[in-house]
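[1] For reference, the sequence and a predicted model appear below.
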Amino acid sequence: MITVVVDLGERSYDVVVGAGAAGLLPDVLPAGAKRAAVVTQGSIAFEVDPGVPHERFLLGDGEAAKDLSSVEELCRAWSRWGLTRADVVVAVGGGVVTDVAGFAAAVYHRGVPVVHVPTTLLGMVDAAIGGKTGVNLPEGKNLVGAFWQPAAVLCDLDALRTLPERERRSGLGELAKYHFLSGDDLLALELDERVAAAVRIKAEVVAADEREGGRRAILNYGHTLAHALETAGAYDLRHGEAVAIGLVYAAGLARRLGRIDDAAVAEHRRVVAAYDLPLRMPPGADRDELVALMSRDKKALDGLTFALAGPDGVEVVAGVDPDLAHASLEEVA
Ligand code: GLY
């Protein structure tokens, strides 16, 4: 097992990575936790034993469950069961489960402790770590949420054995992203070490900027185009596939801005290809629509905004010329 500490003062916690990590659940519950509300989805065939009396609470399946009505239903079910702040919520699943259960834990009784047991690669390297929780509105994704740090995160690699191929690809896109945030050769590492390396990078960024006042935005590397592709809704892409295209796009854009050289662009393509992820957008992608969507990204406070590689690593760059952003789309078309 590899343990990574997310260093946030009194809100610090461990992320444990390894096969069988979920077996540590009784040991990582907050001291004195009396009961556990285990939140999961019917489609997730991963069982945990919190070692204290517990009850299962099922969310609906898929991304559709990531809405405010799920939060209300969950809080009402917890209330009927009598959940209090002396108890603990255990979220077992992918990003939908940890985002919804984490947000409900943040607001129920003004905050109950939560332990995340991510069962997807994406959850392990991103969604379950760092305390961002929330749900979608019909108007957009993740528009309502809270920062609520978990008490611990258990990344049990055994859960990945049954992960559907497209889910796995989704996680690989996020994993690819970390190659460019650290500069380390993550491809040289075994899976457990690679997941732990990604967790370590995320933990360091979150510890430096918990509430995304600045640096944390670099975790959105590759995500501006990815979100636009996802919001357009016309393309059959998993999140990680969209991020992969977004990484290649961001590299080309950084090259046009003179921030990186051709070798760095080639390195982006090499890493994305090594994960067998797409380097290009699906045929027929509407470039005008994508630039318009990127301009409306909720991070775009000061014109078109991207996390872009440069001489000092990945940084947030605001006020990018829309014509340049449009022209760069040709490279991934
Ligand atoms: N997924 C980006 C972040 O946690 O900040």
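    That came through fine. Numbering: from 1, shown residues only.
[2] Name all residues that make contact with residue 244.
    The neighbours of residue 244, taking CB atoms under 8 Å, 6 or more residues apart in numbering as the test, are 172, 173, 176, 222, 272, 275, 277, 278, 279. Using the backbone N, CA and C atoms, a C-beta is placed for each residue, glycine as well.
[3] try 7 Å this time
    173, 176, 272, 277, 278 (CB atoms under 7 Å, 6 or more residues apart in numbering).
[4] tell me the contacts of the second one?
    Residues in contact with residue 176 (CB under 7 Å, 6+ apart) are 244, 247, 271, 272, 275, 277.
[5] What subset of the contacts of residue 244 is buried?
    For these, a burial check counting by 16 or more other CB atoms under 10 Å picks out 173, 176, 272, 277, 278.
[6] Now for those: which two are most distant?
    176 and 278 (11.2 Å; CB to CB).
[7] What is the end-to-end distance of stretch 100-118?
    This stretch, stretch 100-118, spans 13 Å end to end (CA to CA, to the nearest Å).
[8] likewise stretch 151-166?
    Taking CA to CA, the first and last residues of stretch 151-166 lie 30 Å apart.
[9] quick revisit: just the contacts of residue 244 now: which is nearest residue 36?
    Closest to residue 36, out of all of those and judged by CB to CB, is residue 173, at 31.9 Å.
[10] Setting aside sequence neighbours, what's the nearest residue to that closest one?
    Nearest residue to residue 173, sequence neighbours excluded (CB to CB, 6 or more residues apart in numbering): residue 240, at 2.5 Å.
[11] same question, residue 160
    Closest to residue 160 by CB to CB, 6+ apart is residue 121, at 6.1 Å.
[12] do residue 148 as well
    Using CB to CB, 6+ apart, the nearest residue to residue 148 is residue 106, at 3.5 Å.
[13] how near is the one you found to residue 146?
    Applying CB to CB, to the nearest Å, the value for residue 106 to residue 146 is 4 Å.
[14] again, but for residue 314
    Applying CB to CB to residue 314 and residue 146 gives a distance of 26 Å.
[15] Equivalent analysis for residue 2, please.
    28 Å.
[16] just residue 177 next, same as before
    Distance from residue 177 to residue 146, by CB to CB: 24 Å.
[17] Show me which of the two is the more surrounded one.
    The neighbour comparison of residue 177 against residue 146 (other CB atoms under 10 Å) goes to residue 177, with 31 against 15.
[18] My read is that residue 74 contacts residue 103, right?
    No. Using CB atoms under 7 Å, residue 74 is not in contact with residue 103, being 9.2 Å away.
[19] so is residue 149 in a helix, a strand, or just coil?
    Classification of residue 149 using DSSP: H, G, I helix; E, B strand; the rest coil returns coil.
[20] residues contacting it?
    Residues counted as contacts of residue 149 (CB under 7 Å, 6+ apart) are 8, 11, 13, 131.
[21] Buried among these? Need that as a selection in ChimeraX.
    Buried subset of the contacts of residue 149, written as a ChimeraX selection, criterion 16+ other CB under 10 Å:
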select :13,131
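[22] Can you tell me which of the contacts of residue 149 lies closest to residue 67?
    residue 131 (20.3 Å).
[23] Report pLDDT for the closest one.
    At residue 131, the pLDDT value in this model is 98.
[24] For it, give me its contacts.
    Taking CB under 7 Å, 6+ apart as the test, what residue 131 contacts is 147, 148, 149, 210.
[25] now residue 143
    136, 137.
[26] Surely it forms part of a strand?
    Yes. Counting by three-state DSSP, residue 143 falls inside a strand.
[27] Return the residues of the protein in contact with the ligand.
    Taking CB under 6 Å from any ligand atom as the criterion, the chain approaches the ligand at residues 126, 130, 132, 216, 219.
[28] mind running it again at 5 Å?
    130, 132, 216, 219 (CB under 5 Å from any ligand atom).
[29] In the stretch 151-300 of the chain, what residue lies closest to the ligand?
    residue 219 (3.9 Å; CB to the nearest ligand atom).
[30] Count the neighbours of that residue for me.
    There are 24 residues near residue 219, going by other CB under 10 Å.
[31] nearest spatial neighbour of residue 6, skipping sequence neighbours?
    Leaving aside its chain neighbours, residue 6 sits nearest to residue 203 (4.4 Å; criterion: CB to CB, 6+ apart).
[32] Can you tell me the SS state at that neighbour?
    Residue 203 ends up helix, using three-state DSSP.
[33] Per-residue pLDDT of it, please?
    98.
[34] my read: it touches residue 8, true?
    No. Using CB under 7 Å, residue 203 is not in contact with residue 8; the gap is 9.2 Å.
[35] Okay then, goodbye and thanks.
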